[in-house]
Each structure stands twice: as C-alpha cells, then as structure tokens.
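> This is a predicted model, with the sequence first.
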Amino acid sequence: MHEDRPCCAAEALRRIRQVNVGGVVVGLSMLDKVIADVEALGLASEVRLSDELVKRTKVYNYIPKSAESMYGEALLAVYQNEVKNHDKD
C-alpha cells in the first residue's frame, strides 16, 4: 500500500494548513491525510471523531495536552466542512 508521505521538508511545508484553534491560527502538517484517513473509518460520533482527529494530528504536529479539547473542536469543524464539501462533489 502506498503511504502518502512528503518526500522532503519542502514538500512537508507545502502541506501545512492553517486552522483557527481557540482564536489562534496555527499551522498543522498533513491535515489532508489525517482527514482522509479518519473519514475512511466511517465514525459517526462527534466525540470519537474529535478524539481520532487529535490522535492522528498529533503524529505530525505538537499539540499540548492542555489544548487537546480546543484542537478537537477546531479539527472537528474542519473535518465536518471537508466532508460536507466531498458530499457535494
């Protein structure tokens, strides 16, 4: 199976997306991959979606333990917007 990993640091930087987390815009790497992977799981519960998004985003980004709930809310909002847009296609 082909793993979609950046070939170099420059490619990794191109994959950073900005997300508003609690009023602060942060850059998150590999978010498109995280969203696609979580969408493929077919989870329906917002709590499980949020937990999975944070868990997988932490693989590529530093998320302070104290801010995980804020990141979860922000990532869930991004996820729901992306999935809604996929459904329109």
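Structure's in. What do you need?

> Could you pull out the strands in this structure for me?
Using DSSP state E, the strands of the chain run over 17-21, 24-28.

> okay, and for this protein, where does confidence drop off?
1-3, 89 (pLDDT under 70).

> what's the longest helix in it?
Longest helix in the chain by number of residues (criterion: DSSP state H): helix 68-88.

> Return the set of buried residues in stretch 68-82.
Buried residues in stretch 68-82, counted by 16 or more other C-beta atoms under 10 Å: 68, 70-76, 78-79, 82. Using the backbone N, CA and C atoms, a C-beta is placed for each residue, glycine as well.

> what distance separates it from the centre of its chain?
Between the centre of stretch 68-82 and the centre of its chain there are 7 Å (C-alpha atoms, centre = their mean, to the nearest Å).

> next one: stretch 44-63
Worked out by C-alpha atoms, centre = their mean, stretch 44-63 lies 7 Å from the chain centre.

> ok, residues contacting that stretch?
Contacts to stretch 44-63, defined as C-beta atoms under 8 Å, 6 or more residues apart in numbering, come from residues 28-31, 34-35, 37-38, 41, 43, 68, 71-73, 75-76, 79.

> Quick one: residues contacting the residue nearest to Arg14 when sequence neighbours are not counted.
Leaving aside its chain neighbours, Arg14 sits nearest to Pro6 (7.8 Å; criterion: C-beta to C-beta, 6 or more residues apart in numbering). Contact analysis of Pro6 by C-beta under 8 Å, 6+ apart lists 12, 14-15, 30.

> again, but for Leu43
By C-beta under 8 Å, 6+ apart, the contact set of Leu43 is 49, 52.

> Would you list the phi and psi of the residue nearest to Arg14?
Backbone torsions for Pro6, taken as degrees, to the nearest 10, come to phi -60, psi 150.
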